[in-house]
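J.: Below are the sequence and a predicted model; questions follow.
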Amino acid sequence: MTAQGEPPTSRGRSALAIVWDVGAPIGMYYVLHGLGLSTFLALLLSAVLPGLTSLYQVVRAGRLDGLGVFMVSITVASALASLVSGSPRFLLAKDGLLTAFAGGWLLVTARAERPVVFMFARVLLEGRVGPHGESWDLLWERLPGFRRIWRVAGVIWGTATIADAALRFAMAYTLPVNEVPALNGLQWGVLFVLLQVVTNVYYHRAGLYDPGSALYAPLTEQSRPVYEPDL
């Protein structure tokens, strides 16, 4: 583990938080609906769980970084959207609207100082890529190719997420209401696996996982001692 990297336990907690945010609301919806709550109320209450996760992470960290702002923005937008209409289909379509918002954010930040996709990946990969497990701050500062990888990844994830959002919106207004939450969860899994395959193929081709690749050559050149012949 590097000084800048996070321990495996932190990476594990981050992965569990993502699983919780996706799976818990779906499970809670079907439990509440099975207990007799209306479709709208069950959807509304199940939407609270991801917000609680985001709030806990912000309080625990004691600050809002770029990733925190992203997650809190999603939560706030979700809460506001839920209050606009009492229609169950609107609440289902909200998932598509918020996914579109997330995709737009990914695209916009692809040209920012630190793309959102960079910050998500950093939690899982920092200390595990590069010739000597260097800090990602150092890699970002010294390697133009490293910066380009995360900008391209931001475009890939943003474009795919917006396409996913359009499909969610269509499903919300065309399929039986009680089937959509489960299909939304399945769709998250399909999207995640597809993007993992596509981006990891790209990462391998770009040399991200190969410490000896041309991507990291500037680091080797900067650390190479200068030969001074004897006079």
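T.: Received the coordinates, thanks.
J.: all helices for this protein, in order.
T.: 8-34, 39-46, 48-61, 66-84, 88-109, 116-125, 136-142, 144-174, 180-206, 217-223 (DSSP state H).
J.: What residue, apart from its backbone neighbours, is nearest Leu167 spatially?
T.: With CB to CB, 6 or more residues apart in numbering as the criterion, Leu167 has its nearest non-adjacent residue at 7.1 Å, and that residue is Gln187. The C-beta positions use only the backbone N, C-alpha and C, and glycine is treated the same way.
J.: Contacts only, for the one you found.
T.: Residues in contact with Gln187, defined by CB atoms under 8 Å, 6 or more residues apart in numbering, are 164, 167-168.
J.: which intervals of the chain have sub-threshold pLDDT?
T.: Across the chain, the stretches falling below the confidence threshold (pLDDT under 70) are 1-23, 47-58, 61-86, 220-231.
J.: Can you give me the neighbour number for Leu98?
T.: Leu98 sits with 20 neighbouring residues when counted by other CB atoms under 10 Å.
J.: with the contacts of Gln187 in mind, which one is nearest to Tyr209?
T.: When the contacts of Gln187 are ranked by distance to Tyr209 (CB to CB), Asp164 comes first, at 26.1 Å.
J.: Contact partners for that closest one?
T.: By CB under 8 Å, 6+ apart, the contact list for Asp164 reads 99, 103, 187, 191.
J.: how about these in TSV, adding distance to Asp137?
T.: Listed next are the contacts of Asp164 as TSV, based on distance: CB to CB, whole Å:
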residue	distance to Asp137
Thr99	30
Gly103	27
Gln187	35
Leu191	30
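J.: which of the residues you listed has the most neighbours?
T.: Neighbour counts for the contacts of Asp164 peak at Thr99, which has 24 neighbours (criterion: other CB under 10 Å).
J.: re earlier: which two in the contacts of Asp164 are spaced the farthest apart?
T.: By the measure CB to CB, the contacts of Asp164 have their two most distant members at Gly103 and Gln187, which lie 13.7 Å apart.
J.: neighbours around the residue lying closest to Ser87 once chain neighbours are set aside, how many?
T.: Sequence neighbours aside, Phe40 is the residue nearest to Ser87 in space, at 7.3 Å (criterion: CB to CB, 6+ apart). Taking other CB under 10 Å as the neighbour definition, Phe40 ends up with a count of 17.
J.: same check, this time on Leu138
T.: With other CB under 10 Å as criterion, Leu138 counts 15.
J.: any idea how far it is from Gly154?
T.: Between Leu138 and Gly154 the computed distance is 20 Å (CB to CB, to the nearest Å).
J.: likewise Arg128?
T.: Noted for Arg128: a distance of 20 Å to Gly154, by CB to CB.
J.: Of the two, which one has the most company?
T.: When Arg128 is set against Gly154 and neighbours are counted by other CB under 10 Å, the residue ahead is Gly154, at 22 against 13.
J.: What residues does that one make contact with?
T.: The neighbourhood of Gly154, defined by CB under 8 Å, 6+ apart, consists of 106-107, 109-110, 115-118.
J.: Could you report the neighbour count for Leu124?
T.: The number of residues packed near Leu124 is 14, by other CB under 10 Å.
J.: what about it, distance to Trp136?
T.: Summarising the geometry, the distance separating Leu124 from Trp136, computed by CB to CB, is 11 Å.
J.: do the same with Ser213
T.: Using CB to CB, we find Ser213 at a distance of 16 Å from Trp136.
J.: try Arg89
T.: For Arg89, the distance to Trp136 equals 42 Å [CB to CB].
J.: Since that was my last question, I'll sign off now.
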